[in-house]
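> Give me the fold of what follows.
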Amino acid sequence: MGFFDRLRGKSSSRPASSSPSSESEQTPPTPAEPASPVAPQLDAAREQLELRKLDEAKAIYEEILAAPGGDRPDVLVRISGDLGSTGHVATIIELIAPIYDAERHGPAAGMNLLQAYLAKQQPEAAQHVLDLLFALNRPELEDRLWGFSNAIGELMTVRRRAPTSAPGGEARHISLVSISKPIWAYGVEDLPGLLPAKDGAAKTIAFGQLAVPGMKDYEQRMTQPEDELGRFTRGFPLWLAETLYFSRQYTTLAAVGLTAQQHYALFPFPWATEHIRQLIDTAGQPLDYVMTGTLEEHDADYSLQLQLWEVKTFRERKTFTARWTPATATERLATLHEQIRFFFEWQAGAGLTYAAPADPVRWIHTLGASLSTFLVDKGVLPAAQLAPLPALAAGDVAASVAQLTLADRCQRVGAAAPVGGPLADDPLVQAARERLEA
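Purely as a prediction, here's the structure:
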């Protein structure tokens with residue numbers, strides 16, 4: 001089981017994220033199980049977790065926490081412990097972080113929350129919780145807290161070095177390129193009826209390139225022609241950015257990394273505070289929200305986590321998760337896409353009628369390929385980074401315009417155009433063809 005079991009009175013090894021300390025150290029007393037009627041609800045949520053039904057478990061937890069007295073210390077320990085021991089670390093942060101008060105809730109739930117932040121490689125947030133725990137002045141916890149302090153320091157050191165250092169130790173600067181319109185629209189963006197007009201009341205959201213935690217060979221992969229994984233990490237934020245771009249309430253940016261040596265950057269760690277601050281400072285316009293994310297892959301089993309940050313308070317507002325295999329990718333990514341549109345209360349605006357892609361993975365790769373040829377055409381990215389392009393998503397107006405603009409860029413940069421499908425029979429598609437052929 002996970003390291004959260006220790007705070008629930010079970011025998012387990014020392015937390016992997018803390019530095020070594022004595023086995024005789026005292027842990028906080030295990031709270032008694034909550035009395036009825038909360039205990040049956042907690043048991044029901046645990047059953048849902050064991051059935052891998054996280055959404056159902058979350059609904060139960062949210063009901064408990066919203067009830068009067070639902071945030072008792074013993075309840076928070078049980079929720080965080082069950083989530084941690086079943087591998088749902090991000091949900092601990094989502095549910096517990098907004099309500100945790102060290103004086104009221106005590107150290108046990110705080111340690112579970114701290115370990116969740118360490119597991120998700122968020123040392124700044126872990127440091128904040130650690131400060132709250134130290135302020136309790138509990139001598140019996142001191143050894144463990146110093147262990148956590150060492151773990152946070154080590155994580156900060158690794159994160160400072162890994163994304164910005166080359167193998168020889170020289171500094172590597174990562175710059176962020178922001179794309180403010182759907183990438184497939186560049187070159188025809190002024191066609192009447194293609195893109196929606198935006199006004200000053202719209203909120204602005206930036207979507208960052210996905211990180212791939214634990215990627216060992218990122219230094220070598222960055223200098224080679226882009227591969228499918230790298231293209232996906234860049235195409236995914238382009239997809240979400242264009243989705244909300246076609247909602248009347250939002251303007252959007254998609255941000256991808258480039259190195260000073262003029263090739264794509266890969267992020268082997270989740271975006272740190274400095275990356276988010278860099279995006280805020282260089283966006284060219286005020287931002288209301290930033291969404292970052294991580295993508296992990298093990299034997300073709302993909303796990304995605306997205307975090308939405310509110311810029312004004314610099315706090316995490318929402319977490320989205322998805323898991324898929326090649327066989328389930330279309331269904332799972334379509335569900336995630338629908339959840340994001342629902343959360344942001346997506347409303348259609350002017351411009352072409354937006355439709356979710358029938359094949360999300362192919363569309364994400366289409367967007368990533370379109371970005372690469374766009375940057376090569378602008379002289380920002382060397383042509384050596386281009387790789388054979390995937391077969392394009394096709395069918396609707398957006399996919400047809402994407403096919404036309406991508407083929408046009410391929411011709412200009414001397415790359416072979418990818419295989420495309422039949423173009424949609426639509427006046428906007430015909431207008432885009434005529435504009436590009438002029």
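> who does the strand or helix carrying residue 398 touch, helix- and strand-wise?
Assigned by DSSP states H and E, residue 398 belongs to helix 397-413. Using 3 or more CB pairs under 8 Å, 6 or more residues apart in numbering; DSSP states H and E as the contact test, the elements touching helix 397-413 are helix 360-377, helix 427-437. (Each C-beta comes from the backbone N, C-alpha and C, glycine too.)
> Just give me how far it sits from the chain centre.
28 Å (CA atoms, centre = their mean, to the nearest Å).
> Same question for stretch 244-259.
14 Å.
> Return the set of buried residues in that stretch.
244-248, 250-259 (16 or more other CB atoms under 10 Å).
> Repeat that for stretch 383-390.
Buried, per 16+ other CB under 10 Å, within stretch 383-390: 385-387, 389-390.
> Just to be sure, which of those are found in strands?
Secondary structure assignment (DSSP state E) places none of those within strands.
> with those residues in mind, which one is nearest to residue 436?
Nearest to residue 436 out of these is residue 389 (CB to CB; 17.5 Å).
> coming back round to it: most packed of the helices and strands packed on helix 397-413?
The highest average neighbour count among those, using mean count of other CB atoms under 10 Å, belongs to helix 360-377 at a mean of 24.
> and that helix with helix 397-413, angle?
30 degrees (axes from the mean of the first three to the mean of the last three CA atoms, to 10 degrees).
> From the chain's centroid, how far away is helix 360-377?
19 Å.
> For that helix, enumerate the helices and strands it packs against.
helix 228-245, helix 329-343, helix 397-413.
> again, 6 Å this time
helix 228-245, helix 397-413 (3 or more CB pairs under 6 Å, 6 or more residues apart in numbering; DSSP states H and E).
> Tell me which of those helices sits most buried.
Comparing the helices and strands packed on helix 360-377 by mean neighbour count (mean count of other CB under 10 Å), helix 228-245 comes out on top with a mean of 24.
> With pLDDT and distance to residue 135 as added columns, please give the buried residues of stretch 383-390 in TSV.
Below are the buried residues of stretch 383-390 laid out as TSV (pLDDT from 0 to 100; distance: CB to CB, whole Å):
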residue	pLDDT	distance to residue 135
385	88	49
386	89	54
387	89	52
389	82	55
390	79	53
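> JSON lines please, covering those residues and showing distance to residue 265.
Converted to JSON lines, the buried residues of stretch 383-390 look like this (distance: CB to CB, whole Å):
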{"residue": "385", "distance to residue 265": "11"}
{"residue": "386", "distance to residue 265": "16"}
{"residue": "387", "distance to residue 265": "16"}
{"residue": "389", "distance to residue 265": "21"}
{"residue": "390", "distance to residue 265": "21"}
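> Closest one of those to residue 298?
residue 390 (22.8 Å).
> residues touching that closest one, list them.
residue 365 (CB atoms under 6 Å, 6 or more residues apart in numbering).
> Phi, psi for it please.
phi -70, psi 160 (degrees, to the nearest 10).
> Equivalent analysis for residue 67, please.
Per degrees, to the nearest 10, the backbone of residue 67 is at phi -80, psi 150.
> Against residue 40, how distant is it?
13 Å (CB to CB, to the nearest Å).
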